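Colleague: Can you look at this prediction? I've put the sequence above it.
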Amino acid sequence: MYLSRTEDYIQQLLLERHIRKPKDLTIENIASSLDVSVYYWEYSSECVYVNEKCLIFINYNRTPQEQWQEFGHEIAHYLWHAGRQEFLPTLFTELQEWQANYFSYHLCVPTFMLQRLKPKITPNMIVNTFQVEYHFACKRLEMYQSKQLASI
């Protein structure tokens, strides 16, 4: 199965930072390796810049799984987008949000790690291995299986 540009980018990003196993996939590991500060607060998650330093704010009322998924979304904005969305046309903002969501699925459940699981992967295996929510695991498995079928 070939890797998309996103999958390849994430694999290189993680491997360069010695993140090779699902247990290594943590907010702390990724944030520290990218020199990003993470703060927990009561508001919605967001990525902001202060003096050219990236700060990611995550809602502390979310479950650890939701926090991990939101971190994946916000780190995509840091790595792939620049500027403030409120100054962008609506379609550009929607595109960036779609890209960040797509990135999150692949960062939180990287393809190269998913491929190492048993031949019959289930949503529950993904939930337990990658610490994501069930609906997130279902969507990620659907993405993975669709890609496998397309490769045949």
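Modeller: Looks like it arrived, so ask away.

Colleague: can we go C-alpha only for contacts and neighbour counts from here?
Modeller: OK.

Colleague: what's near enough to touch residue 81?
Modeller: With contact taken as C-alpha atoms under 8 Å, 6 or more residues apart in numbering, residue 81 is in contact with residue 96.

Colleague: What is the strand ranked longest in the chain packed up against?
Modeller: Looking across the chain with DSSP state E, the single longest strand is strand 53-59. When contacts are defined as 3 or more C-alpha pairs under 8 Å, 6 or more residues apart in numbering; DSSP states H and E, strand 53-59 packs onto strand 37-41, strand 46-50, helix 64-80.

Colleague: Quick check: which of these is buried the most?
Modeller: Ranked by mean neighbour count under mean count of other C-alpha atoms under 10 Å, the helices and strands packed on strand 53-59 are led by helix 64-80, which reaches a mean of 20.

Colleague: Identify all contacting residues around that helix.
Modeller: Against helix 64-80 from outside (C-alpha under 8 Å, 6+ apart): 26-27, 45-47, 54, 56, 58-60, 96, 99-101, 103-105, 107-108, 131-133.

Colleague: For that helix, what is the distance to the chain centroid?
Modeller: Between the centre of helix 64-80 and the centre of its chain there are 5 Å (C-alpha atoms, centre = their mean, to the nearest Å).

Colleague: That helix vs strand 53-59, what angle?
Modeller: Relative orientation of helix 64-80 versus strand 53-59 (axes from the mean of the first three to the mean of the last three C-alpha atoms, to 10 degrees): 160 degrees.

Colleague: average pLDDT for the helix or strand that comes right after helix 64-80?
Modeller: Going down the chain from helix 64-80, the next helix or strand is helix 90-108, by DSSP states H and E. Averaged over helix 90-108, pLDDT sits at 94.

Colleague: buried set for the helix or strand just after helix 90-108?
Modeller: Going down the chain from helix 90-108, the next helix or strand is helix 111-114, by DSSP H and E. The neighbour-count check on helix 111-114 (16 or more other C-alpha atoms under 10 Å) flags 111-112, 114 as buried.

Colleague: Next, the angle from the lowest-mean-pLDDT helix or strand in the chain to strand 37-41.
Modeller: Lowest mean confidence among the helices and strands of the chain (mean pLDDT, DSSP states H and E): strand 46-50, at a mean of 90. Per the same axes, to 10 degrees, the angle that strand 46-50 makes with strand 37-41 is 130 degrees.
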